[in-house]
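# Let me see the structure of the following:
(chains A, B and C)
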Amino acid sequence: MENSLDPAPPLLEVCGISKSFGAVRALQEVDFTLRAGEIHALLGENGAGKSTLIKVITGVFPRDGGIVRLGGEEVAPRSAKAALQAGIATVYQEVNLLPNLSVAQNLFLDRQPMRFGIVREAEMRRRAKALLAGFGLDIDVAAPLGSYSVAVQHVTAIARAVDLSARVLILDEPTASLDRHEVDILFGIMRQLAGRGIGIVFVSHFLDQVYEISDRITVLRNGRLVGERETASLPRLELIRMMLGRELAETTSERASAGEHKAREVCASFENYGKAGYVAPFNLELRHGEVVGLAGLLGSGRTETARLVFGAERADRGQAKVEGASVRLQTPRDGVRLGFGYCPEERKTDGIVADLTVRENIVLALQAKRGLYLPLSRREQDEIARRYIKMLDIRPADPERPVGLLSGGNQQKVLLARWLATSPRLLVLDEPTRGIDVGAHAEIIRLIRELCDDGLALLVISSELDEIVTYSDRVVVLRDRAHVDELTGEAIDVSNILAAIAADGATVAHEGRA
Amino acid sequence: MTALLPRRGLAQILALIVILAVDRAVSPQFFDLRLQDGRLFGSLIDVLNRGTPVALLSLGMVLVIATRGIDLSVGAVMAISGAIAASLADSHGLPIVLAAALGAGLLCGLWNGFLVSVLGMQPIVATLILMVAGRGIAQLITEGRIVTFSSPDLVWLGNGAVLGVPVPVAIALGMLILTGAVVRGSALGLLIEATGGNARASELAGVGTRAMIMAVYVWCSICAALAGVIAAADIMGADANNAGLWLELDAILAVVIGGTSLFGGRFSLVLAVLGALIIQTMNTGILLSGYPPEFNLLVKAVVVLAVLLLQSPKLSGFGSIVARLRRTKA
Amino acid sequence: MTLKALFAATATGALLLALPASAAQLTIGFSQIGSESGWRAAETSVSKQEAAKRKVNLKIADAQQKQENQIKAIRSFIAQNVDAIFLAPVVSTGWDAVLKEAKEAKIPVVLLDRDIDPSGKDLYLTAVTSDSVHEGEVAGDWLAKTVGAKACNIVELQGTVGASVATNRKKGFDTAIAKHPNLKVVRSQTGDFTRAKGKEVMESFIKAEGGGKSICAVYAHNDDMMVGAIQAMKEAGLKPGKDILTVSIDAVPDIFKAMVAGEANATVELTPNMAGPALDAVAAFKDKGTVPQKWIQTESKLYTAADDPQKIYDSKKGLGY
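Down below sits the predicted model:
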């Protein structure tokens, strides 16, 4: 620990924490120090131990060894609630409040102002309003929490935590589903709280945001502490090296030169294809060996387009053709039969079958395509699983592990494997790199390029514009549920995409990483 | 880690052994076997024979539950098929009787499957309809009385023997092998587990989840229909008011004891049947023990609790991690 | 009857079945519970026969096991100003209001088969029921007489645990054999009044009692369980009716079939004819103003193989058992 001479006394001190799940050592003698008034980023690849550390600190998991001190006093909360009472509050990416209750009720849950055994609604609303005003939020606190954006829900959760006199605030991936504007609001609140002396632990995959907001960074890798640094004096490349334990070029790869993809054969084409109230009719040609990127803001119709192309949603107009012939494309089964594959954005709910093994998840689509009566023998299954585990470097390389126990990046690879096993002609990838750590991120982008070079047609959605620019041969830009522009060749760059999104005077709420 | 893990099925086998030992203690002649009129005779045979209806029901039920469904109508389907078989037994040959009874089961299954997979009704509500109406249909067929028959063919189905083994036991064993062969020999098992584990993801992977769900309800009703024919053959009569009454709950219990989660996904046919045997071993033990009948339900509840605790994820280290991970992710 | 009743299941009100009785002097409404058992169906058919015999116009309303339907039927009978109302109450409480209405309309009410809560005693004319304790006694007395002085181990198949009929039939039987120390109930389990359970329980009794050799008699709280038990004995290579005596209660047709085959020895009748004594009581009350006693107990008649079981079977099998 290089900052042991820091004059400020530590607010939260974690010494030598260990935690094992069976034979898996999730944390080994990890130290972590949080000072009052600082924003401290906790970084690491998926599986590094960030979540486990948070859960051990907040008592969700019992710890095997080590000490946690809060303000010099040793604490050992047995549950998240006990931790909250001690002054350690956690706000998770999926806000754990009750969406069907009002904002005010959520803020004062378990501690409603009462008189004669009756909740004083008006008083509660008044206090809720005042509390949120302190966070720059002026909303109807009587409305259900679920009717507000994720950002408002986050702020509500934070306001509740702070009002419960939290001294330590742990924010786990708070910005994952926020747009830039909302991130700015959240950062404003975080700075304000830090100014009041609250210590904030910030867990995020977005390195830009880490550099923007944090004072200090602690990096974990494979359940061990790699180091604690001041953000200002830690070069980005050095940070990535700490996280990955290896050198990695900061930018993933150079854009493949345009022009060489000219005379590709059309794999699938969609003419005047659309669905009323879903996405406006569009024309789209997907060619072998070509990556088409779909860019646009959240809700612009990207996912909707992807679902129509795969067959997950039924179009009510237009014509789909594969290799020049008209086809029926009304259900996912049709899509699979036509040789399409689709990795949805919501991996957990729409992608993996968590209880089934890696092997079973990988062979699922192939088996569905072959039908009931042509079962893959166990030997064939093992072989397919082994092949793709090796090819995509899925870790741990255990085909019999339930896929739910894998990290997000590895789950994504399992999904890719599922579709590659069907030898598809077209793959639709919706946010393939979301929620995935830096290493896996680069690997997935490399994979997309490789698949494309093998002659596959790819349709890829991503919010990361520089990522889209890196691998796309063409970029389709969407706005308000309609395809508004198509960029090719040299025209593909972040500023052109932004311009297309922002045309017609729409505000740019999305910034590419430059 | 895997060495400490209780292997799948260990808890059930252990429970069965313990209950058998208790049965032996309360009834010293429990393991005695002899031949009586060419048929094995003894308490063990009673366990197998009496366990047959629930074992057959659990064979279908476990598949339904694996898809995250439930079928409350199996008891009523038993009553219907029994009523049909008994009504036709003395005027028609066994093939026609069986075809009619199992055909009725098929229709019941299609009805349940239609409500669940096509109309998207919740399984518990959808099958409740047939649970209530089915018994009424059975009463309609028997006109409220116990319809008796003497057709030797049908009686043989309930009381005959194949190489000393009671016919119902042989049928249940055959159905277990058949179901196992169909489910694990084809891709059905994997696709059912995927559908139950995550229906949306499975559908997006191209699995025909609707057909899958339809198929399991049909199979469940056919198993129930067969159980109904055997139950009627056993008492040489169809008792529409009582045949299969509450057996849907025993079947669900058998499946749960067999370690299949009501939340769908992983299932085991053999363990579900083992669950049915555990229930019956306990029932027979209670009857042999000579305790006053007022204690029956209490004893049953305590034993079931013990078996379920034995396989509770909380009691095995690995399971508790999975449960925790799930809870915190949810 | 059952068919019609079932079709009526969708109707919310009660189904009224008017019977042809051209020269009827009396019109009586009968709120029947439903047709939940063969005995109940037989009661309905016998009631019709008895009414026809006396040229009474009997209107039967099937309540589908619901008290609300029975109350509706009684109100409708009051509105039609019938001469008397028969009620087979589905539950024992909750009748006060509607019976008061009948009383105010001066329509006598006769309870059939089941009694109601004592608080309503002055609200009905009389109750025609059997005495299930007595039924058990008759069964016990027959067994004691038949066995004589030799020692006899009895196994008992009880009705559903907690059902009053089961409790009473056990009590009566126990009282009867208590006078004979050579008779002893060695095993007693519930067979839930069903054939299947009767068979299953008997199977285990046979195993537990050395293959059935030490069993001298079976007492079952109803005939259905006995029919199942007879099958179990036969499958175990025993001869019911000869090796093991049987006595049960209800006198349903199938037990007579067993008697014909020499496989059953005795049954005590729970007569389906509750309407006959009720009709007589009403007629006497209407004609001469005779107030009957509060409880008319039906006869618990004993039948054995000596009573021409084939003939009784033939006469009973058409009644809807």
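# Residue A:66 falls within a strand, correct?
Yes. With DSSP: H, G, I helix; E, B strand; the rest coil as the criterion, residue A:66 is part of a strand.
# any idea how far it is from residue A:469?
45 Å (CB to CB, to the nearest Å). All C-beta spots, glycine's among them, are computed from the backbone N, C-alpha and C.
# swap in residue A:76?
For residue A:76, the distance to residue A:469 - CB to CB - is 50 Å.
# before we move on, what about residue C:221?
85 Å.
# Which one's more surrounded, those two?
residue C:221 (32 against 21; other CB atoms under 10 Å in any protein chain shown).
# Make sure that one is actually in contact with residue C:164.
No. Residue C:221 lies out of contact with residue C:164 (CB atoms under 8 Å); the separation is 11.5 Å.
# per-residue confidence averaged over stretch B:108-119?
Per-residue pLDDT over stretch B:108-119 has a mean of 97.
# and if you look at stretch A:328-347?
pLDDT averaged over stretch A:328-347 gives 93.
# Let me see the contact set for residue A:14.
A:30-33, A:53, A:57, A:66-69 (CB atoms under 8 Å, 6 or more residues apart in numbering or on different chains).
# can we see that at 6 Å?
Residue A:14 sits next to A:32, A:68 when contact means CB atoms under 6 Å, 6 or more residues apart in numbering or on different chains.
# Give me the secondary structure label for it.
strand.
# Is it bridged to anything, and to what?
For residue A:14, the beta-bridge partners under DSSP bridges are residue A:32, residue A:68.
# quick one: what helix or strand has residue B:51 in it?
Following DSSP states H and E, one finds residue B:51 within helix B:43-66.
# Show residues contacting that helix.
For helix B:43-66, using CB under 6 Å, 6+ apart, the contacting residues are B:30, B:71, B:74, B:166, B:168-169, B:172, B:175, B:179, B:192, B:196, B:216, B:219-220, B:223-224, B:226-227, B:231, B:250-251, B:254-255, B:260, B:264, B:267, B:272-273, B:276-277, B:280-281, B:284, C:200, C:203, C:207.
# quick one: pLDDT of the closest residue to residue B:161 other than its chain neighbours?
Excluding the flanking residues, the one nearest residue B:161 by CB to CB, 6 or more residues apart in numbering or on different chains is residue B:39, at 3.7 Å. Residue B:39 is assigned 90 on the pLDDT scale.
# and if you look at the one 3 residues further on?
Taken from the predicted model, the pLDDT recorded for residue B:42 is 93.
# How about the residue of the stretch 101-250 of chain B found nearest chain A: what's its closest non-neighbour residue?
Proximity of the stretch 101-250 of chain B to chain A (CB to the nearest CB) peaks at residue B:206, 3.1 Å away. Among residues not flanking residue B:206 along the chain, residue A:336 sits closest, at 3.1 Å (CB to CB, 6+ apart).
# Just the C-alphas of the helix holding residue B:51, formatted as PDB.
Output of helix B:43-66 as PDB, limited to C-alpha atoms (Å, rounded to 0.1, in the frame of the first residue of the first chain):
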ATOM      1  CA  SER B  43     -45.400 -56.500   1.300                       C
ATOM      2  CA  LEU B  44     -42.600 -55.500  -1.100                       C
ATOM      3  CA  ILE B  45     -44.900 -56.500  -4.000                       C
ATOM      4  CA  ASP B  46     -47.700 -54.500  -2.400                       C
ATOM      5  CA  VAL B  47     -45.400 -51.400  -2.400                       C
ATOM      6  CA  LEU B  48     -44.700 -51.800  -6.100                       C
ATOM      7  CA  ASN B  49     -48.200 -52.700  -7.000                       C
ATOM      8  CA  ARG B  50     -49.900 -50.000  -5.000                       C
ATOM      9  CA  GLY B  51     -47.200 -47.500  -6.100                       C
ATOM     10  CA  THR B  52     -48.000 -48.100  -9.700                       C
ATOM     11  CA  PRO B  53     -50.700 -45.400 -10.300                       C
ATOM     12  CA  VAL B  54     -48.600 -42.600  -8.700                       C
ATOM     13  CA  ALA B  55     -45.500 -43.900 -10.400                       C
ATOM     14  CA  LEU B  56     -47.300 -43.700 -13.800                       C
ATOM     15  CA  LEU B  57     -48.600 -40.200 -13.000                       C
ATOM     16  CA  SER B  58     -45.200 -39.000 -11.900                       C
ATOM     17  CA  LEU B  59     -43.700 -40.100 -15.200                       C
ATOM     18  CA  GLY B  60     -45.900 -37.600 -17.000                       C
ATOM     19  CA  MET B  61     -45.900 -35.100 -14.300                       C
ATOM     20  CA  VAL B  62     -42.200 -34.800 -14.100                       C
ATOM     21  CA  LEU B  63     -42.000 -33.800 -17.800                       C
ATOM     22  CA  VAL B  64     -44.800 -31.200 -17.300                       C
ATOM     23  CA  ILE B  65     -43.000 -29.800 -14.200                       C
ATOM     24  CA  ALA B  66     -39.700 -29.700 -16.100                       C
END
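# next helix or strand past it?
helix B:74-89.
# moving C-terminal of that next one, what's the next helix or strand?
Using DSSP H and E, the first helix or strand after helix B:74-89 is helix B:94-113.
# Taking helix B:74-89 as reference, get the angle to that following helix.
Interaxial angle, helix B:94-113 versus helix B:74-89 (axes from the mean of the first three to the mean of the last three CA atoms, to 10 degrees): 150 degrees.
# Flag every buried residue along the following helix or strand past helix B:94-113.
Sequence order places helix B:123-142 as the next helix or strand after helix B:94-113, per DSSP H and E. Judged by neighbour count (16 or more other CB atoms under 10 Å in any protein chain shown), helix B:123-142 contains these buried residues: B:123, B:126-127, B:129-131, B:134-135, B:137-142.
# pLDDT (mean, whole number) over the very next helix or strand once past helix B:123-142?
Sequence order places strand B:147-148 as the next helix or strand after helix B:123-142, per DSSP H and E. Strand B:147-148 comes out with an average pLDDT of 92.
# quick one: contacts of strand B:147-148?
With CB under 6 Å, 6+ apart, strand B:147-148 has contacts from B:86-87, B:236-238.
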